[in-house]
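1. When you get a sec, could you give me coordinates for this:
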Amino acid sequence: MSPAIPVATDPLFEISSDEQIGDHRFIRIVPKNADRLVADLAPRITRPYADAEAARDRILRAARELEIFPGEDLRADDPRIEEAVAEEVDALLPAAWKGDRPKQLDVQRSELGEIVAADVLSTIFGARIPASRIAHKETPDQQTRGADVMCLEGDRPELLLVLTEVKGSTDPSTPPSVLQGMETKLKLLIQDRRTLLQELLWLFQHSSEEHADECAKACVSFQLKKPIFGLLLAPILIRTATKEGDADAGAFKASPDDFGAPVRFISIVVEPDLFDLAAQVYALARETA
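-> From the prediction side, this is the model:
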């Protein structure tokens, strides 16, 4: 089992509109304080990647035991320790964009979207996130694989497994072109038993100790074809106010019953766009690590 990742409880975002159509919801979410969004996000985004305090304690303890600086009374605030911690955090964060790939493939951009999505799901909807894709990546500068965020909401007999795909778009079209990929990915998770089992097994294998028992029971119940949970699709689209459009939800709103599970479509509206926001947030996170 994996250690739990600290979950923020103070919401950075709030609901600005909420439309219910049958079993489906279409929600627009905005920052509570747009002017402070970068400063508020910076400390939160490091949590899935690194624990700076734990790293500081480990480096200090090892330096003392190895007598790397003999005869010195080494302290936690020693500049050499701080430099080592900052270097570790920087190595674990995705590298800043260098112009070597399209902006829509920038790892910082993609992962900020997933972190914002997880923050919204946990602080606004009370979701429990047993494991983070980002925290379990093998290579910091590569994209994550699988469902972007998987979480649990409610309790039995109304337990829900929430499957989330996150995309950002500055496409002026509505719906933006990324919607097609979101629709395909979430339909596959719903309709292909093997794919969903793979996701459940990953969730169980990487869950924190706090959620391990719940994930084990959910996984086993699915394997025995007696699932103790329902499914909820929660596609999340991150837009700017100048690019969002009335038809952004695409097929999720036009024909939601085709997906085979309730849909909770979430549009998160931020300024600047996700690429520029990610560049600012990750830069500040490195400065303040």
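
2. So what's the residue count around residue 152?
-> If you count neighbours by other C-beta atoms under 10 Å, residue 152 ends up with 21. Heads up, the C-betas are built off the backbone N, CA and C, glycines and all.

3. Helix, strand or coil: sort out it for me.
-> At residue 152, secondary structure determined by DSSP: H, G, I helix; E, B strand; the rest coil is strand.

4. May I have the beta-bridge partners of it?
-> residue 128, residue 161 (DSSP bridges).

5. Tell me if I'm right that it and residue 163 touch.
-> No: in terms of C-beta atoms under 8 Å, residue 152 does not count as a neighbour of residue 163; the distance is 11.1 Å.

6. Pull the contacting residues for residue 190.
-> Counting by C-beta atoms under 8 Å, 6 or more residues apart in numbering, residue 190 makes contact with 163, 196, 231, 233, 259-261.

7. Buried among those? Need that as a selection in ChimeraX.
-> A single ChimeraX command selects the buried members of those (16 or more other C-beta atoms under 10 Å):
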select :163,196,231,233,259,261
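
8. quick one: which of the contacts of residue 190 is nearest residue 58?
-> residue 163 (35.6 Å; C-beta to C-beta).

9. was I right about that closest one contacting residue 189?
-> Yes: counting by C-beta under 8 Å, residue 163 does reach residue 189; the two are 5.2 Å apart.

10. intersection of neighbour lists for those two?
-> With C-beta under 8 Å, 6+ apart, residue 163 and residue 189 have common neighbours 147, 199.

11. Would you report the backbone torsion angles of residue 64?
-> phi -70, psi -40 (degrees, to the nearest 10).

12. how far away is it from residue 71?
-> 12 Å (C-beta to C-beta, to the nearest Å).

13. neighbour-wise, which of these two wins?
-> When residue 64 and residue 71 are compared for neighbours, residue 64 comes out ahead with 13 against 5, by other C-beta under 10 Å.

14. Need the per-residue pLDDT for the more buried one.
-> The model reports residue 64 with a pLDDT of 91.

15. Check residue 147 too.
-> 89.

16. Over to residue 9?
-> As predicted, residue 9 sits at a pLDDT of 63.

17. before we move on, what about residue 5?
-> Per-residue confidence (pLDDT) for residue 5: 51.

18. quick one, phi/psi of residue 27?
-> phi -120, psi 140.

19. how far away is it from residue 284?
-> Look at residue 27 and residue 284: by C-beta to C-beta, they are 28 Å apart.

20. Which one's more surrounded, the two?
-> Neighbour count, other C-beta under 10 Å: between residue 27 and residue 284, residue 27 has more, with 20 against 16.

21. residues touching the more buried one, list them.
-> Applying C-beta under 8 Å, 6+ apart, the residues contacting residue 27 are 15, 17-19, 264-267.

22. Would you check how far apart it and residue 133 are?
-> If you go by C-beta to C-beta, the gap between residue 27 and residue 133 works out to 23 Å.

23. hey, where'd the strands end up in the stretch 151-289 of the chain?
-> Per DSSP state E, counting those that start in this stretch, the stretch 151-289 of the chain carries strands over the ranges 160-164, 166-168, 230-233, 236-239, 264-269.

24. what comes into contact with the shortest one?
-> Outside of strand 166-168, the residues within contact range by C-beta under 8 Å, 6+ apart are 104, 109-110, 113-114, 116-117, 148-149, 176, 178-179, 181-182, 235-239, 273-275.

25. Partner strands of it, with direction?
-> Counting by DSSP bridges, strand 166-168 is paired with strand 236-239 (parallel).
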